[in-house]
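Got a sequence here, can you build the structure:
(chains A and B)
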Amino acid sequence: MKTSRQVGIVGYGAYVPIYRIKNQEIARVWGKSTWPIKEKSVPGLDEDSLTMAYEASYNAVKRAQIPPEEIEAVYVGSESPPYAVKPSATVIAEALGITPRLIAIDMEFACRAGTTALQSVIGLVGSGMIKYGLAVGTDTAQGRPGDALEFTAAAGAAAFIVGKGEEALAEIEATYSYVTDTPDFWRREGQKYPRHGGRFTGDPAYFKHIVEAARGLMSEAGLAPQDFDYVVFHQPNLKFPLRVAKRLGFSKEQVSAGLLSGIIGNTYAAASMIGLAAVLDKAKPGERILVVSFGSGAGSDAISLVTTELLEQKRSLAPLVESYINRRIYVDYATYAKFRGKIMR
Amino acid sequence: MVKANSIPRVWRERTIKYRLIGGKCKKCGKSFYPFRRICPRCGSEEIEEVHLPREGKLLYYTVIRAPPSDFEEYAPYVVGIVELKDGTRVLAQITDVVEDQLEEGVDVEAVFRKYREQGKEGIIEYGIKFRPKT
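Residues are numbered from 1 along each chain as shown, chains lettered A, B, ... in the order given. Next up, the predicted model:
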């Protein structure tokens, strides 16, 4: 799956809220003796998936160094929009100064919506229909109190601006998507918390779709695991991305730069995209990156990118992922429960 | 008296509140936030819209512990006076802070956050707040 003309990333930005809760603290409340990751990000009371998407997008615009009004599409992927009906894309576009000549839409496909937003914008720019397009993955993920998901369900956002290949800090080489009807995780209309199929979320869902999407891309593009300097997988925990890397023939070294779930948690639609932003924060020109998302329901997008000479000068124009990771205010379970609306006054 | 839960008010003020747009008096030179049509210092009606700088210094702050009813869930929260890099003073919420560890004089930057919800079923208002510079 390729565009007819060369396109690439001209700006990127990420955002992680300042609050953290340690897994040990969640385990203390629910009487568990083991936990999957160290700590996860928690959105503040005045944050939602929309405000986080704004900050990631603001950082992407700064790196792109383009007038915001030249952006002609805003695609926002999230499963936790603040409204059930009323788009986030319009508010984000208005705040960035992109309105009104604009294609704007919210998209939902569990944790995959962000990369599908990116793929859609790649298509719009690649066809010559628009000059620049903005794609965002953002989520304030909800975990039912005491559920296994509560240890990892976190918050974050990442945004990418797509433009012509010659302006790119990373060129899009190829994409590939793999989609089936697989009921591994869902949230019914009006329900506050999602449900999942337990172990069913593993082999038939996460592993099957990521493996097929990665293999599909490599087969169509004529690439092998050793051709990539970095690989980023959707990261619901630490175990799954490392295991799928091994299954596909990637080394731990190729995965580690973009693997952040151990310290920020699973940021859902943003997870593989923040991972990509972290890789762009340190990659050298001419390096090849593979990103493979996964969204329950289920599907995976694989995207192959090659960095250019422009990357190093653009990098310092906005905060690095690391600077967001390093600013931390720890909260206890009671404060976390208040922040996440799990207790009401 | 402005009706608190007005939809037209929120809509009218959206770009001013979202993008930190202030006013600058062409007569006396005073700049202020938010934008309004009459200069608060000299009363002139010759006001131009300006995009204010997003960085500044926290001059003074106070902790709100008994807020108006729509802000109850956010309490305690911090309200401060920020002096932007061009000298404009802005009254705004200070966010991402532990209220008893905040110091006056710290460098701050503008962020886009949720202001308030018009109840559980109403619209959500967004706008500029400030946080200690990252």
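
Could you list the contact residues of the stretch 201-345 of chain A toward chain B?
Neighbours of chain B within the stretch 201-345 of chain A, by C-beta under 8 Å from any C-beta of the partner chain: A:319, A:323-324, A:327, A:329, A:345. The C-beta positions use only the backbone N, C-alpha and C, and glycine is treated the same way.

mind running it again at 10 Å?
Contact residues, the stretch 201-345 of chain A versus chain B (C-beta under 10 Å from any C-beta of the partner chain): A:319, A:323-324, A:326-327, A:329, A:331, A:338-339, A:341, A:344-345.

Reduced to three states, what does A:V162 come out as?
strand (DSSP: H, G, I helix; E, B strand; the rest coil).

Just want the most central residue of chain A.
A:A270 (2.1 Å; C-alpha atoms, centre = their mean).

Would you agree it falls within a helix?
Yes. A:A270: assigned to a helix according to three-state DSSP.

mind listing what it touches?
Neighbour list for A:A270: A:14-16, A:49, A:52-53, A:56, A:77-78, A:111, A:113-114, A:136-141, A:154-159, A:264, A:277 [criterion: C-beta atoms under 10 Å, 6 or more residues apart in numbering or on different chains].

how about the helices of chain B, start to end?
All helices of chain B, identified by DSSP state H, fall at B:7-12, B:14-19.

Quick check: end-to-end length of stretch A:136-148?
Length of stretch A:136-148, first residue to last, C-alpha to C-alpha, to the nearest Å: 27 Å.

can I assume B:L91 is in contact with B:G80?
Yes. The criterion here is C-beta atoms under 10 Å, and B:L91 meets it with B:G80 at 7.7 Å.

which of the two has more neighbours?
B:G80 (22 against 11; other C-beta atoms under 10 Å in any protein chain shown).

Which residues are in contact with the more buried one?
Going by C-beta under 10 Å, 6+ apart, B:G80 touches B:58-63, B:90-94, B:97, B:102, B:104, B:106, B:108, B:129-130.

and it, bridged to which residues?
B:Y61, B:A92 (DSSP bridges).

Distance of A:A117 relative to A:M273?
According to C-beta to C-beta, to the nearest Å, A:A117 and A:M273 sit 9 Å apart.

Return the subset of the contacts of A:A270 lying in strands.
Members of these lying in strands (criterion: DSSP state E): A:14-15, A:77, A:136-140, A:155-159.

quick one: which of these is nearest to A:L102?
Ranked by distance to A:L102 (C-beta to C-beta), the ones in strands among the contacts of A:A270 are led by A:V136 at 13.9 Å.

so the closest one bridges to which residues?
Bridge pairing for A:V136 - DSSP bridges - gives A:V76, A:A159.

which ones are touching it?
A:13, A:15, A:49-50, A:52-54, A:56-57, A:60, A:74-78, A:88-89, A:92, A:106-107, A:113-114, A:117-118, A:121, A:157-161, A:269-270, A:273 are the contacts of A:V136 under C-beta under 10 Å, 6+ apart.

Strands of the stretch 151-300 of chain A, start to end?
A:155-164, A:170-182, A:185-186, A:195-196, A:230-233, A:288-292, A:297-307 (DSSP state E, counting those that start in this stretch).

least reliable of these going by mean pLDDT?
Note on these: strand A:195-196 shows the lowest mean pLDDT, a mean of 91.

Same list (the strands of the stretch 151-300 of chain A) but as JSON lines, adding mean neighbour count.
Shown next, in JSON lines, are the strands of the stretch 151-300 of chain A (neighbours: other C-beta atoms under 10 Å in any protein chain shown):
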{"stretch": "strand A:155-164", "mean neighbour count": "30"}
{"stretch": "strand A:170-182", "mean neighbour count": "19"}
{"stretch": "strand A:185-186", "mean neighbour count": "18"}
{"stretch": "strand A:195-196", "mean neighbour count": "16"}
{"stretch": "strand A:230-233", "mean neighbour count": "28"}
{"stretch": "strand A:288-292", "mean neighbour count": "25"}
{"stretch": "strand A:297-307", "mean neighbour count": "26"}
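
Thanks again, I'm all set now.
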